[in-house]
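A.B. asks: pasting the sequence and the predicted coordinates here, then a few questions.
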Amino acid sequence: MAARSRAVSAKGVSEFKLYITRSIPLNAIITCADNTGAKTLRVINVTRYHGRLSRLPAASIGDHVTVVVKRGPPELRKQSFGAVIIRQKYAVRRVSGQRVMFEDNAAVIITPEGDMKGTDIKGPVAAEAAERWPRIANLATMIV
């Protein structure tokens, strides 16, 4: 009996992560919020997503996704990149009881090392994304 309770408590020691409703499914068209030149992105994969049979993978604020550039300069179009979701339209509930929602779904393109490809972020960045990605937080002009 004691061994079982010890295992359960050890499982709960892991990092506490708030639940954020995943509202950006695969094939969603989202805006690119950095200055790489890309205008719109299509989500093609959600990294580290564990879902259910026949359910489309979906992403939320702070998630790492793989995207394809749909509108932008010819050298970027039809290429896949890693990106981080920084805004979503669907409301996010915070511990304080506030609900935060944005005007659009947006992401910033990142390199495989985790650095941003661009040098500037247009618009606000959600605090949940800034917590998980400190390099994005450094370049953000406004964190909400």
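C.D. replies: Cool, got the structure.

A.B. asks: please count neighbours and contacts with C-alpha atoms only from this point.
C.D. replies: Fine.

A.B. asks: low pLDDT regions in the protein?
C.D. replies: 1-16 (pLDDT under 70).

A.B. asks: that one: helices as residue ranges?
C.D. replies: Taking DSSP state H as the test, the helices found in the chain are 2-12, 127-132, 134-139.

A.B. asks: what helices and strands are in contact with the last one?
C.D. replies: In this structure, helix 134-139 packs against helix 127-132, with contacts taken as 3 or more C-alpha pairs under 8 Å, 6 or more residues apart in numbering; DSSP states H and E.

A.B. asks: residues in contact with the helix it packs on?
C.D. replies: 61, 62, 63, 84, 85, 86, 136, 137, 143, 144 (C-alpha atoms under 8 Å, 6 or more residues apart in numbering).

A.B. asks: ok, stretch 97-109 next?
C.D. replies: Stretch 97-109 is contacted from outside by 24, 30-34, 36, 81-94, 116-118, 121, using C-alpha under 8 Å, 6+ apart.

A.B. asks: next: stretch 35-48.
C.D. replies: Stretch 35-48 has contacts (C-alpha under 8 Å, 6+ apart) with 25-33, 57-59, 63-73, 76-77, 109, 117-122.
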